[in-house]
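In: fold the stuff below for me.
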Amino acid sequence: MFEKFSQKSMSASSEKFDTIIGRTTTIQGTLIVRDSVRIDGKVLGNIETVAGSKITVAVGPTGEIKGDITAHRVMVAGKVAGHIHAAERVEFQKDSVVQGDVSYGSISVEHGAKLSGLIIQNQAHDESASGAQAAIQSAQAAKHSPEV
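Out: Residues are numbered from 1 along each chain as shown. Predicted coordinates:
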């Protein structure tokens, strides 16, 4: 009934990657992507997506990024030396190594992932979380107050 989180791999994700950068490929310079991309090689430079797009950047187990990543969703199983900004979600798998600050909407970190930097939740999600927290507290207060 319950699937172990650690058995879930990046390849098992329902995400569709239109571009794959292979293990033997090295790219130098800024990479601007318009479709979701999986990186199993090396990128020496920043990875950027079109603002407002719902594009995923996935760093496979053999992938290495030396630069910043800005995307809607970021999945890391390899190495990143740079800042990560994930507007919606960021996922770190068990053998991932990240050296840089991470800003995110929601986050998933498997046991064994190595993160070195600030981990900061984006403001938009902070407000919705505090709104949800206020609704929960209001419901709890109503539940515990005497009925009139």
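In: show me where the protein has its helices.
Out: 123-144 (DSSP state H).
In: in contact with the residue nearest in space to the middle of the chain, which residues?
Out: Among the residues of the chain, residue 90 comes closest to the average C-alpha position under CA atoms, centre = their mean, at 1.4 Å. With contact set as CB atoms under 8 Å, 6 or more residues apart in numbering, residue 90 has these partners: 73-76, 84, 102, 104, 106-108. For glycine as for every other residue, the C-beta is placed from the backbone atoms N, C-alpha and C.
In: ok, and the most crowded of those?
Out: Using other CB atoms under 10 Å as the neighbour criterion, residue 76 leads the contacts of residue 90 with 30 neighbours.
In: OK, contacts around that one?
Out: Residue 76 touches 58-59, 84, 90-93, 96, 98, 113, counting by CB under 8 Å, 6+ apart.
In: which among these gets closest to residue 28?
Out: In terms of CB to CB, no member of the contacts of residue 76 lies closer to residue 28 than residue 59, at 16.6 Å.
In: burial count for that closest one?
Out: A count of nearby residues for residue 59, using other CB under 10 Å, gives 29.
In: for residue 63, same thing?
Out: Residue 63: 23 surrounding residues under other CB under 10 Å.
In: which ones are touching the residue lying closest to it once chain neighbours are set aside?
Out: Distances taken as CB to CB, 6 or more residues apart in numbering put residue 78 closest to residue 63, at 3.6 Å, once the chain neighbours are dropped. Under the criterion of CB under 8 Å, 6+ apart, the contact list for residue 78 reads 39-40, 59-65, 95-97.
In: and residue 78, how far from residue 123?
Out: Using CB to CB, to the nearest Å, residue 78 is found at 29 Å from residue 123.
In: and residue 18, by the same measure?
Out: 30 Å.
In: go on, residue 28?
Out: With distances taken as CB to CB, residue 28 is found 33 Å from residue 123.
In: I'd say residue 63 and residue 47 touch.
Out: No. The criterion here is CB atoms under 8 Å, and residue 63 misses it with residue 47 at 10.7 Å.
In: all set, thanks.
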